[in-house]
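>>> Give me a model of this one.
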Amino acid sequence: MTAYVDQTVDASGGTAGPLPGRVIAGRYVIRSLLGTGGMGRVWLAHDELLDRPVAVKQDMACGSDSGESHRVARVRALTEARAAARVKHDGIITIYDIVREGCCPWIVMEPLSGRTLAERLTSDAALSIDEVVHLGLRVLDILQVIHGAGIVHRDVKPANIHLCPDGRVVLTDFGIAGMVGDEPPTTLAGSPAYISPEQLRGASPAPAADLFSVGATLFAAVERRPPFGEGDLPAMLVALMHGDRAPMVRAGRLRPVIAGLLATEPRDRLSLASARDMLQDLSSPPHGFDSGGRLYERIGPVRATTGHVHTGTRAAAGRWGGIGRPSGSSSPVSSNRITPLQSRLHPCTGCATTTRAAVRSERPANGQGG
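Below is the predicted model of the structure:
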């Protein structure tokens, strides 16, 4: 998390002066800057009414004196807030409110600790294959819920994937999200290094575009660079349209999944279900991410015929409780609870029913980290 930055907010939503403590909508006291993206800034704030920390997002367009810019900011903020609020999932950031200060809107949401995948890749080595497999499964789980609600995120990338200390993987920034079948956008939006070819061509929002971006994100996570280059925008876009990606050097057994997600034509691309099945076949014992975005063991749920779930640990014989399948799959239960290696949970002793565990794997954890 970024330390305190000497900027606060004026009544129009722009920045002004070195004085902390500006109050937004008579309730949210700005504390410090958490991060800045292409379209907005996210600030840590305190909700004076409910006495809790929150994050508030300010649209960059609010710094302009243009009435049209303010209108665009209002539409974009409302679109983002509505899209994120439309679905409820542990991997989707929770929207608390949207308020107006001066001419501009502010989105109030849950604050996230930890850091983004982009920050993790910038400061540390590339993720291990096991880390990327489990990250991919989490992101696909989130997208299944989003797509099931008819929403296309349209900006899946490392900077919008947050790795929390408790093991949550959260997809953020629904600022350019669209509904399946919407009219094609009139302007190109998204990050060129992770955008799909059909987005570049101006196609209507479709789930396959998000899957391409997942493939580009997994490529970057394991290879530590985007698949079609970065910096030289014209060369990047030409490579994207022709499917001329960089070779995979570190991807190993991930290559078929990443290549399948990065197919230039949507009809040739892996479906979400196929990509998830392939990643599950590659999956070793469950893991999570610590506060630094590094891998550590996740204790999977023990699944019973009764549907009862508790969080288990590796048994003396080295067996593991089966990983719960992602939400929306045919499996009856799933769990995202995380336990660091140094603080294992004891097996549940207070269960009211006798369970029969569905053991997915007997392999020990590989111990790899970032």
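>>> Tell me which stretches of this protein form helices.
Along the chain, the segments classed as helices by DSSP state H run 67-86, 117-123, 129-148, 197-200, 207-223, 233-242, 255-261, 272-282.
>>> Low-confidence regions, the stretch 201-350 of the chain specifically.
Across the stretch 201-350 of the chain, residues meeting the criterion (pLDDT under 70) sit at 284-350.
>>> Please enumerate the strands of it.
Using DSSP state E, counting those that start in this stretch, the strands assigned to the stretch 201-350 of the chain run over residues 287-289, 295-297, 301-303, 309-311.
>>> and Leu163, how many neighbours?
As a burial measure, Leu163 scores 27 neighbours (other CB atoms under 10 Å). The way it works is simple: take the backbone N, C-alpha and C, and place the C-beta from them, glycine included.
>>> who does it bridge with?
Counting by DSSP bridges, Leu163 is bridged to Arg115, Val169.
>>> wait, it sits on Leu171?
No. Under the criterion of CB atoms under 8 Å, Leu163 is not in contact with Leu171, lying 11.4 Å apart.
>>> Going by the annotation, which residue ranges form each domain of the protein?
8-109, 115-282, 296-370 (automatic domain parsing).
>>> these two touch, right, Ala206 and Glu198?
Yes. Using CB under 8 Å, Ala206 is in contact with Glu198, at 7.3 Å.
>>> Name the residues contacting each of the two.
Pro266 (CB atoms under 8 Å, 6 or more residues apart in numbering).
>>> got a list of what the nearest residue to Arg255 once chain neighbours are set aside touches?
Computed as CB to CB, 6 or more residues apart in numbering, the closest residue to Arg255 that is not its neighbour in sequence is Met248, at 5.3 Å. Residues in contact with Met248 (CB under 8 Å, 6+ apart) are 219, 222-223, 254-255, 258-259.
>>> Any chance of the backbone angles for Met248?
phi -90, psi 120 (degrees, to the nearest 10).
>>> likewise Tyr194?
phi -130, psi 0.
>>> residues contacting it?
155-158, 213, 216-217, 220, 226.
>>> Relative to Pro266, which of these is nearest.
Within the contacts of Tyr194, distances to Pro266 taken as CB to CB reach their minimum at Ser213, with 12.3 Å.
>>> gap between the closest one and Gly190?
Separation of Ser213 from Gly190 (CB to CB, to the nearest Å): 8 Å.
>>> Now do the shared contacts for the two.
With CB under 8 Å, 6+ apart as the test, Ser213 and Gly190 both reach 154-155.
>>> the more surrounded of these two?
Each of Ser213 and Gly190 has its neighbours counted (other CB under 10 Å); Ser213 has more, 27 against 20.
>>> Quick check: the more buried one vs Trp106, distance?
27 Å.
>>> Leu137 too?
Going from Leu137 to Trp106 by CB to CB gives 34 Å.
>>> got a list of contacts for stretch 214-225?
Contacts of stretch 214-225 (CB under 8 Å, 6+ apart): 117, 121, 125-127, 129, 131-132, 135-136, 139-140, 143, 156-158, 161, 193-194, 226-228, 245-246, 248-251, 254, 257-262, 275.
>>> got the buried residues for that stretch?
The neighbour-count check on stretch 214-225 (16 or more other CB atoms under 10 Å) flags 214-223 as buried.
>>> was I right about Ile195 contacting Ser213?
Yes. Taking contacts as CB under 8 Å, Ile195 lies within contact range of Ser213: 7.0 Å.
>>> Overlap in contacts, these two.
Contacts common to Ile195 and Ser213, judged by CB under 8 Å, 6+ apart, are absent.
>>> for Ile107, what are its contacts?
Contacts of Ile107 (CB under 8 Å, 6+ apart): 56-57, 77, 80-81, 95, 97-98.
>>> Try it again at 10 Å.
40, 42, 55-59, 76-78, 80-81, 84-85, 93, 95-99, 174-175 (CB atoms under 10 Å, 6 or more residues apart in numbering).
>>> that older thread, quick check on the contacts of stretch 214-225: which are buried?
Members of these classed as buried by 16+ other CB under 10 Å are 117, 121, 126-127, 129, 131-132, 135-136, 139-140, 143, 156-158, 161, 193-194, 226-228, 245, 248, 250-251, 254, 257-262, 275.
>>> If Glu101 is in a bridge, with which residues?
Here Glu101, judged by DSSP bridges, has bridge partners Cys104.
>>> Would you mind measuring from it to Arg201?
Taken as CB to CB, the span from Glu101 to Arg201 is 38 Å.
>>> So which of those two has more stuff around it?
A count of neighbours by other CB under 10 Å puts Glu101 above the other of Glu101 and Arg201, at 21 against 10.
>>> Excluding chain neighbours, give the residue nearest to Met278 in space.
Here the residue nearest Met278, using CB to CB, 6+ apart, is Val257, at 4.8 Å.
>>> Could you measure from that neighbour over to Arg27?
Val257 is 46 Å from Arg27, by CB to CB.
>>> How about Leu163?
From Leu163 to Arg27 the distance is 30 Å (CB to CB).
>>> Any idea what Pro47 is bridged to?
Check again: residue 47 is Asp, not Pro. Here Asp47, judged by DSSP bridges, has bridge partners Tyr28, Arg52.
>>> Correct me if wrong: it contacts Gly26.
No. Using CB atoms under 10 Å, Asp47 is not in contact with Gly26; the gap is 11.2 Å.
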